[in-house]
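J.: Sequence plus the predicted model coming up.
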Amino acid sequence: MWRAEWVRYGSELRFYRQLLLGNLLNQFLVIGGIYWIISLLSERSLAGLIGLFFWQYASIPLSRISADIWEESTSGAFEQTYLHATAPALLILVRLTYYLLQQTLVLVPAFLALIAAFGLPMSLLWGLSWGLLFFCLLLTLLGLAGLGLAMGGILLIFRNAISYTSALEYLLLFVSGAVVPLSQLPHFLQSVAVWLPLTLGIQAMRQIVTGEEATLLLFWLGLQSLGLLLVGFLVFQACLQRALRRGFAMSR
């Protein structure tokens, strides 16, 4: 499965290389624009910039899983892919790994360019605990992969629900603390935000960047993400079985 997906990913990368370059420019403009607004309203910091890139990574499980199912359903390969795959959820997670690698190729140059563009000292990068930051991002992505699997399962039954994916993606941006501090959100949104892995991930990331102790927060993030991953897997499997019983005669 890994080898087959690598071949597919490599061929798509070569064919869509111009799209990848365009995506790099879009990422630079979107993150740069949001960070510029943040810097006008509050203090410009490396943690704030890293938080936006956390959101960009976290949006991948939601957007790509949904897009994969949508694209294959419209191309006619939907039933073949999910009906004949020995482990459809594993297939999705394998594809997700390659999409995250592609996102890294896009985001790392954008991240370095924005640091230079906003005049942040490159020396700030040398003192960061990159191992802890990577571990924090990994735990965050596990939780978002669970949400992505749940959304993918829903799309197995209701294909047009893909429109809700973008709404959820941008909701994460504003209720996770990446742009607006949690303390400034309405109380009902704060109660929702604490259950999102991206919220805990960004909080842990900021503690790591500022040199604070983040062990307890990483522990809770890990428990939350594993729980969401399990729930997402169960939702996906339940929706898949329902879709198989209905012969993929999906609702529109």
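T.: That came in fine, so what should we check first?

J.: so how far is residue 125 from the closest residue to residue 213 other than its chain neighbours?
T.: Distance criterion C-beta to C-beta, 6 or more residues apart in numbering; nearest residue to residue 213, sequence neighbours excluded, is residue 207 at 7.1 Å. Backbone N, C-alpha and C define where each C-beta goes, glycine included. Noted for residue 207: a distance of 17 Å to residue 125, by C-beta to C-beta, to the nearest Å.

J.: again with residue 208
T.: Computed as C-beta to C-beta, the residue 208 to residue 125 distance reads 13 Å.

J.: which one of those two has more residues nearby?
T.: Under the criterion of other C-beta atoms under 10 Å, the comparison of residue 208 against residue 125 puts residue 208 first, with 23 against 13.

J.: Tell me which residues are up against the helix or strand harbouring that one.
T.: Assigning secondary structure by DSSP states H and E places residue 208 in helix 197-209. The contact list for helix 197-209 (C-beta atoms under 8 Å, 6 or more residues apart in numbering) reads 46-47, 50-51, 54-55, 58, 128-129, 132-133, 136-137, 139-140, 142-144, 172, 175-178, 182, 193-194, 213-214, 217-218, 220-221, 224-225, 228.

J.: repeat that for 6 Å
T.: 47, 51, 54, 58, 129, 132-133, 136, 140, 143-144, 172, 176-178, 193, 214, 217-218, 221, 224-225 (C-beta atoms under 6 Å, 6 or more residues apart in numbering).

J.: for stretch 130-149, same thing?
T.: By C-beta under 6 Å, 6+ apart, stretch 130-149 touches 58, 61-62, 65, 197-198, 201, 204-205, 208, 221-222, 224-225, 228-229, 231-233, 236.

J.: now stretch 226-241
T.: In contact with stretch 226-241 (C-beta under 6 Å, 6+ apart) are residues 89, 142, 143, 145, 146, 149, 150, 152, 153, 156, 157.

J.: okay, and the helix or strand of the protein with the least pLDDT?
T.: Between all helices and strands in the chain, the lowest mean by mean pLDDT, DSSP states H and E belongs to helix 78-84, at a mean of 57.

J.: Mind listing what's buried along the helix or strand that it is followed by?
T.: Downstream of helix 78-84, the first helix or strand assigned by DSSP H and E is helix 88-117. Neighbour-count burial for helix 88-117 flags 88-89, 91-96, 98-100, 102-103, 106-107, 110-111, 114-115 (criterion: 16 or more other C-beta atoms under 10 Å).

J.: For the helix or strand following helix 88-117, buried residues please.
T.: Counting by DSSP H and E, the next helix or strand C-terminal to helix 88-117 is helix 123-126. Of all the residues in helix 123-126, not one is buried under the rule 16+ other C-beta under 10 Å.

J.: Let me know the average pLDDT across helix 123-126.
T.: For helix 123-126, mean pLDDT rounds to 84.

J.: Run the angle between the helix or strand that it is followed by and helix 88-117 for me.
T.: For helix 123-126, the succeeding helix or strand toward the C-terminus, using DSSP H and E, is helix 130-157. Going by axes from the mean of the first three to the mean of the last three C-alpha atoms, to 10 degrees, helix 130-157 is angled at 130 degrees with respect to helix 88-117.
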